[in-house]
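Undergrad: Give me a 3D structure for the following:
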Amino acid sequence: MSPTYLKRILAFTVVAALAFFSWWLNQKNISPPTALDSNLRHDPDYFAEDLVVYSLDASGKPQHQLQAEHLYHYPDDKSTQLTRPHFVFYRDQNPEWEIDAAQGHIMASGDEVFLSGGVMAKQTPESTSTPLTLTTEDLLIHPDIKQAQTDKDVLLQDKFSSTHATGMKVDIADNTIKFLSNVRGQYARP
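TA: Next up, the predicted model:
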């Protein structure tokens, strides 16, 4: 046998051994794919765009309304994410408060809505002669009992005054606002 022929056989054997070794390592490190349990993933099972949902009382009068650009429901934790939610509370079939935010999250129980990303709430001109405007970072709403609260900084304004505070509880049904701490205000005489 010629030396060239032996070199070729040796080179072929080395390449074949490297190929086999690479295949063997690949098989050792790759486990067979496992089926993913949909309950362990956080993937939406349904979504909606440009939705409007009304909640009515027993006589058919609107209690509150929720609008959003996008809604995503997640089955793993039964939560719902909202994009650009717009929430309206009604009194005697007239809008009383309108609340806007960048994002929202409806808890699994459905009785709480957490708004975040800059929240602005406004009383409507139909509900009062001096409507209030409320601004805060986030707001937890309890729609069925018409209450809302936050522990963040709050700015409450009307055309004559402004009030700054840290934390607040609003009872929309009773039309009361309770500030929790660091309250300071300014009043301009009309």
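Undergrad: what residues are up against residue 145?
TA: Residue 145 makes contacts with residue 173, as judged by C-beta atoms under 8 Å, 6 or more residues apart in numbering. Every C-beta, even on glycine, is put in place using the N, C-alpha and C of the backbone.
Undergrad: mind checking the backbone torsions on it?
TA: Phi and psi for residue 145, reported as degrees, to the nearest 10, are phi -110, psi 10.
Undergrad: got it, and the one 10 residues further on?
TA: With angles defined as degrees, to the nearest 10, residue 155 sits at phi -120, psi 120.
Undergrad: Would you agree it is in contact with residue 161?
TA: No. Counting by C-beta atoms under 8 Å, residue 155 does not reach residue 161; the two are 11.2 Å apart.
Undergrad: What distance do you get for residue 93 to residue 131?
TA: 18 Å (C-beta to C-beta, to the nearest Å).
Undergrad: quick one: which of these two has more around it?
TA: Between residue 93 and residue 131, counted using other C-beta atoms under 10 Å, the more crowded position is residue 131 (17 against 9).
Undergrad: how about stretch 135-152 as PDB, C-alpha atoms only?
TA: What follows is the C-alpha trace of stretch 135-152 in PDB, where atoms were taken according to Å, rounded to 0.1, in the frame of the first residue of the first chain:
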ATOM      1  CA  THR A 135     -54.800  62.200  38.500                       C
ATOM      2  CA  THR A 136     -52.700  59.400  39.900                       C
ATOM      3  CA  GLU A 137     -50.200  56.700  38.900                       C
ATOM      4  CA  ASP A 138     -52.600  53.700  39.400                       C
ATOM      5  CA  LEU A 139     -56.100  53.100  40.800                       C
ATOM      6  CA  LEU A 140     -57.800  49.900  42.100                       C
ATOM      7  CA  ILE A 141     -61.500  50.000  41.200                       C
ATOM      8  CA  HIS A 142     -64.300  47.900  42.800                       C
ATOM      9  CA  PRO A 143     -67.000  48.500  40.200                       C
ATOM     10  CA  ASP A 144     -69.900  46.600  41.900                       C
ATOM     11  CA  ILE A 145     -69.600  48.700  45.100                       C
ATOM     12  CA  LYS A 146     -68.600  51.900  43.300                       C
ATOM     13  CA  GLN A 147     -65.300  52.400  45.100                       C
ATOM     14  CA  ALA A 148     -61.700  53.100  44.100                       C
ATOM     15  CA  GLN A 149     -58.500  53.500  46.000                       C
ATOM     16  CA  THR A 150     -54.800  54.100  45.600                       C
ATOM     17  CA  ASP A 151     -51.700  54.400  47.800                       C
ATOM     18  CA  LYS A 152     -49.900  56.600  45.200                       C
END
